[in-house]
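Participant: got a predicted model here, sequence first, then my questions.
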Amino acid sequence: MIAEIVSIGTELLMGQIVNTDAQYLSRRLNALGISVYYHTTVGDNPGRMEQTLRLALSRSDVVITTGGLGPTGDDLSKEIVARMLHLPMERDEESMRRIEGYFSAMHRDMTHNNERQAMFARGAIILQNDRGTAPGCIVEQDGKAVIQLPGPPYELTDMFEKRVLPYLARRTGGAIASRYIRIFGVGESDAETRVKDLIDAQGDGRLAGGFGPEDLDDAALGDAAHAQRRVEHQAARGDDLDVVELALGAQLHQRALAKLLFNARQGDLERLFLLVVRRGKRRGLVTLVLCRHRVFSFPAGARPL
């Protein structure tokens, strides 16, 4: 199943806010076995929104929109999807009661434009919002689905976990499990050269890679290079990836990479520290490791210096 995430909001294009919604959704969709092929961001312009959504539906099975569900005049994502699919908009009374109850509980007057948030395409599956006023919805047609979620992350994550995840889980038959194998002491180009045949082979476990300093935000490694390989496996269970990783580890060992492997996922930064210091000593250099809010513990007998 192919998915596309369409993030709606001029504030995203202007760089006023960071699009954490797309990152969160990509991770959750991959865990369900849904491949995210595209991230698209579009401003609050009706013409460009419709053009973007038409393209997304033409190439993806599931299109998830974020934003554009609010009460103001530029919140038009539901109306545009309904028009594209030739569906009339209808008011959902249960959603209207929940919106009124929200304002009542907050001791605030509800303005008339909030009623727009209770309007949906005919036949839509309503996704109630437990953390805000804007409900989401799912519109299905011709075997495809448009899932429309609110933009605020606090609302989006709650709605996805409670209501969208069970819906999508029923439509998928597996999961994409991924794991990072981190390599210290070589750069991206050197690491790829050593495992190029594995990348080209692409069996049950897919191997990809890149330079990844973001995984070491607690350590400044000077000029020490660090690369990572991502092992990805389509499986019914995430545990199946252990078998793939073990087999791949043996192959990396044959390519003289075994001594350079570390895995921050298991909290192995102490080992990385030892590697950095030893590397610097051999080269007659001083390699500085700066740690923030971290206390290292070393096994008895460890002699890094």
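Facilitator: Here it is on my side, so go on. Since we're looking at a predicted model, the values are computed, not measured.

Participant: looking at the residue lying closest to residue 26 once chain neighbours are set aside now. What's its pLDDT?
Facilitator: With C-beta to C-beta, 6 or more residues apart in numbering as the criterion, residue 26 has its nearest non-adjacent residue at 4.8 Å, and that residue is residue 36. C-beta coordinates here come from the backbone N, C-alpha and C atoms, glycine included. For residue 36, the model assigns a pLDDT of 95.

Participant: and residue 36, how far is that from residue 43?
Facilitator: Separation of residue 36 from residue 43 (C-beta to C-beta, to the nearest Å): 21 Å.

Participant: now residue 82
Facilitator: 20 Å.

Participant: counting neighbours, go ahead and name the busier of the two.
Facilitator: Shown here are residue 82 and residue 43; by other C-beta atoms under 10 Å, residue 82 has more neighbours (21 against 15).

Participant: what strand or helix carries the more buried one?
Facilitator: helix 77-84 (DSSP states H and E).

Participant: give me the contacts around that helix.
Facilitator: Under the criterion C-beta atoms under 8 Å, 6 or more residues apart in numbering, residues 8, 46, 49-50, 53-54, 57, 65, 67-69, 88-89, 119-122, 137, 139, 146, 148 lie in contact with helix 77-84.

Participant: weed out the non-buried ones from those residues.
Facilitator: 8, 49-50, 53, 57, 65, 67-69, 119-121, 137, 139, 146, 148 (16 or more other C-beta atoms under 10 Å).

Participant: now the two most distant members of these.
Facilitator: Pairwise distances across the buried ones among the contacts of helix 77-84 peak at 20.8 Å for 57 and 119 (criterion: C-beta to C-beta).

Participant: mind checking the SS state of residue 126?
Facilitator: Following DSSP: H, G, I helix; E, B strand; the rest coil, the label given to residue 126 is strand.

Participant: residues contacting it?
Facilitator: 92, 94, 95, 120, 135, 136, 137.

Participant: if I've got this straight, residue 56 is in a helix?
Facilitator: Yes. Residue 56 sits within a helix when classified using three-state DSSP.

Participant: okay, now it: neighbour count?
Facilitator: Residue 56, neighbours per other C-beta under 10 Å, totals 23.

Participant: from residue 77, how far off is it?
Facilitator: From residue 56 to residue 77 the distance is 12 Å (C-beta to C-beta).

Participant: and residue 97, by the same measure?
Facilitator: From residue 97 to residue 77 the distance is 23 Å (C-beta to C-beta).

Participant: I figured residue 41 hits residue 17, correct?
Facilitator: No. Residue 41 lies out of contact with residue 17 (C-beta atoms under 8 Å); the separation is 11.2 Å.

Participant: taking the buried ones among the contacts of helix 77-84 one by one, which sit in helices?
Facilitator: Residues of the buried ones among the contacts of helix 77-84 located in helices (DSSP state H): 49, 50, 53, 57.

Participant: what do residue 41 and residue 17 both touch?
Facilitator: residue 9.

Participant: which of these two has more neighbours?
Facilitator: residue 41 (17 against 12).

Participant: so that one bridges to which residues?
Facilitator: residue 7 (DSSP bridges).

Participant: quick check, pLDDT for it.
Facilitator: pLDDT at residue 41 comes out at 97.

Participant: then residue 279?
Facilitator: Confidence score, pLDDT, at residue 279: 56.

Participant: ok, now residue 194?
Facilitator: For residue 194, the predicted pLDDT is 73.

Participant: kindly report the same for the one 5 residues further on.
Facilitator: The pLDDT attached to residue 199 in the predicted structure is 68.

Participant: what of residue 242?
Facilitator: Residue 242 is given a pLDDT of 56.

Participant: what of the one 5 residues further on?
Facilitator: Reported pLDDT at residue 247 in the predicted model: 59.

Participant: quick one: residue 25 and residue 62, what's the gap?
Facilitator: Distance, residue 25 to residue 62, using C-beta to C-beta: 11 Å.

Participant: just name the shakiest helix or strand of the chain by mean pLDDT.
Facilitator: strand 226-235 (a mean of 50; mean pLDDT, DSSP states H and E).

Participant: send me stretch 95-106 as PDB with only the CA atoms.
Facilitator: In PDB, the C-alpha atoms belonging to stretch 95-106 read as follows (Å, rounded to 0.1, in the frame of the first residue of the first chain):
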ATOM      1  CA  SER A  95     -19.800  16.600  15.800                       C
ATOM      2  CA  MET A  96     -21.800  19.800  16.200                       C
ATOM      3  CA  ARG A  97     -22.800  18.800  19.800                       C
ATOM      4  CA  ARG A  98     -19.300  18.000  20.700                       C
ATOM      5  CA  ILE A  99     -18.000  21.300  19.400                       C
ATOM      6  CA  GLU A 100     -20.700  23.200  21.300                       C
ATOM      7  CA  GLY A 101     -19.800  21.200  24.400                       C
ATOM      8  CA  TYR A 102     -16.100  22.000  24.000                       C
ATOM      9  CA  PHE A 103     -16.800  25.700  24.100                       C
ATOM     10  CA  SER A 104     -19.300  25.400  26.900                       C
ATOM     11  CA  ALA A 105     -16.700  23.500  29.000                       C
ATOM     12  CA  MET A 106     -14.200  26.200  28.300                       C
END
